[in-house]
Every structure is written in C-alpha cells, then in structure tokens.
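Colleague: mind folding the following:
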Amino acid sequence: MTKTGFSATCTCGEVALTASGAPILSAVCYCESCRKAGRHFEQAPGAPSVVNADSGVEYCLFRKDRVKVARGGQHLQEHRLTAASPTRRIVATCCNAPMFVDFTKGHWLTLYRDRLPADAPPVELGVMGKDLPAGATPAKDIPTYSTFSPMAIVRLLAAWAAMGFRRPKTTW
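Modeller: As a prediction, this is how the structure comes out:
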C-alpha cells in the first residue's frame, strides 16, 4: 500500500510542512537551475547537501492544495535565481534547509525529497538529463529523460484536472 501523507521538516525541526495524499511524482532533476540553486544553498552555514553525487536534485511533487505549513512559517524565505523568475525556492532560515520549490504559474509544489521521512516514495525517474554536466552519470536504476517524461506530464495534468484546473497560491 502506498503511503498517503507526509511531514516535511527542516534539519533543526523548527519548520514543518504537511502534505496530504500521495505525491504526484518523485523525481530527480538535472537542470542547470536546480543544480545552481542547490550549490548556492549548500554554501550557507549548516545547510544540508542538496545536489546528489550524480549531479541531480531529488524532489517529490504534491498538489498545492494538499501542502500546508504546520509550524515555523516565519522562518521561510524565498529565493529566485533572477528577479523575473516564476520559480521561487523556499528555504528555512533557522537552519538553511531548502524546503520546497514553487513554480508560481503551476498547480504543484516540489518538496525537496531530503526533507521528507525515510519512507518517502523512491525516485521514479530523472528529468532534464540533457543538462547533465560533462562526465556526470545519472542513476542507472531509473529511466532518465532528456527533458520531461510523458508519464510525468500526464500525472501533472491529471492532478490539475482533479483540482478543477485551479492554481492555488502558496502562502505562509
């Protein structure tokens, strides 16, 4: 049976999110933006690792309407790679732990998989393999797509349809 509900916490425990239901998808992203942000976050004092040995960043995607800030919202701070970026990455400032990515035009939140408990769903696939740095090798036990997988797109569309094609705003 698939677990349907998770708590995501920062490394010091001051910030907690709850995610109800099963994730839409569990993936590793190899895009330059995720790696660049991850490397930046890793430089902060006490910050956990973000970029894996294979140069990817692992995530679990949940519907926005199913993720809530349970505690510590005052510690959450957004970061954008550029001022015009529709993607904001949210970090817990108490311990510099990246918590989630919000593509503001989308209907899902992308939780950093390392913030979830050990029984979080395993990574199913890799995306944006075309951005892998020279010499990096993606995980061999999962399929890796050069951009996005058709299955991931279908799951995202199905989740959006189940939400009545709404795009809730994420606030804390």
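
Colleague: only C-alpha atoms for contact and neighbour calcs from this point on.
Modeller: Will do.

Colleague: so the residue lying farthest from the centre of the chain: helix, strand or coil?
Modeller: Here the centre of the chain is the reference, and by CA atoms, centre = their mean the most remote residue is residue 135, at 24.5 Å. Taken by DSSP: H, G, I helix; E, B strand; the rest coil, the conformation at residue 135 corresponds to coil.

Colleague: cool, and residue 40?
Modeller: Quick answer, by three-state DSSP: residue 40 is helix.

Colleague: neighbours of it, how many?
Modeller: 12 (other CA atoms under 10 Å).

Colleague: likewise for residue 83?
Modeller: Neighbour tally, residue 83, other CA under 10 Å: 9.

Colleague: do the same with the one 3 residues further on
Modeller: Around residue 86 sit 13 other residues, with neighbours defined as other CA under 10 Å.

Colleague: quick one: residues contacting residue 156.
Modeller: Residue 156 sits next to 24, 108 when contact means CA atoms under 8 Å, 6 or more residues apart in numbering.

Colleague: rerun at 10 Å
Modeller: 24-25, 61-63, 106-108, 150, 162 (CA atoms under 10 Å, 6 or more residues apart in numbering).

Colleague: check which residues of the helix or strand where it lies are buried.
Modeller: In this assignment (DSSP states H and E), residue 156 forms part of helix 150-162. Of the residues in helix 150-162, 152, 156, 159-160 count as buried by neighbour count, 16 or more other CA atoms under 10 Å.

Colleague: now the residues you listed as CSV including distance to residue 30?
Modeller: Below are these laid out as CSV (distance: CA to CA, whole Å):
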residue, distance to residue 30
152, 15
156, 19
159, 23
160, 24
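
Colleague: which one of those residues is nearest residue 129?
Modeller: Of all these, residue 129 sits closest to residue 152, with 14.4 Å by CA to CA.

Colleague: my guess is that closest one contacts residue 27. True?
Modeller: Yes: Residue 152 is within contact range of residue 27, at 9.1 Å (criterion: CA atoms under 10 Å).

Colleague: what's the overlap in contacts for the two?
Modeller: 124-125, 127.

Colleague: possible to save those residues as TSV with neighbour count and secondary structure?
Modeller: Output for those, formatted as TSV (neighbours: other CA atoms under 10 Å; DSSP: H, G, I helix; E, B strand; the rest coil):
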residue	neighbour count	secondary structure
124	15	coil
125	22	strand
127	22	strand
